[in-house]
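Trainee: following is a predicted model, sequence given first.
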Amino acid sequence: MTEEPRTGGEPETFGRCVECGEVYPVQESDDGLRPVGTGGSCACGCEAFEPIAE
């Protein structure tokens, strides 16, 4: 049984979808940034996010 990535919890920062530009609260993981509460992807289906400078 494989462990599911975190989908909930407290956001650590904000990230922008590299495909459509939508901004989400995200957590940092070993695989990059993951949006909180979305199952790991943007509404457009993309799973890649870039950090937003604070």
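Mentor: That came in fine, so what should we check first? Numbers count the residues shown, from 1 in each chain.
Trainee: could you pull out the strands for the protein?
Mentor: For the chain, the strands defined by DSSP state E cover 13-17, 23-29, 32-35, 49-51.
Trainee: so which of those is nearest A43?
Mentor: Closest to A43 of these is strand 13-17 (Cβ to Cβ; 8.4 Å). Every residue, glycine included, has its C-beta placed from N, CA and C.
Trainee: and that closest one, average pLDDT?
Mentor: Mean pLDDT, strand 13-17: 95.
Trainee: for it, packing partners?
Mentor: Under the contact criterion of 3 or more Cβ pairs under 8 Å, 6 or more residues apart in numbering; DSSP states H and E, strand 13-17 touches strand 23-29, strand 32-35, strand 49-51.
Trainee: who does that strand pair up with?
Mentor: Here strand 13-17 is paired, per DSSP bridges, with strand 23-29 (antiparallel), strand 49-51 (antiparallel).
Trainee: can you pull the buried residues of the first one?
Mentor: Using 16 or more other Cβ atoms under 10 Å as the test for burial, strand 23-29 gives 24, 26-27.
Trainee: next one: the shortest one
Mentor: For strand 49-51, the buried set under the neighbour-count rule, 16+ other Cβ under 10 Å, comprises F49.
Trainee: which outside residues touch it?
Mentor: 13-18, 24, 26, 32-35, 42 (Cβ atoms under 8 Å, 6 or more residues apart in numbering).
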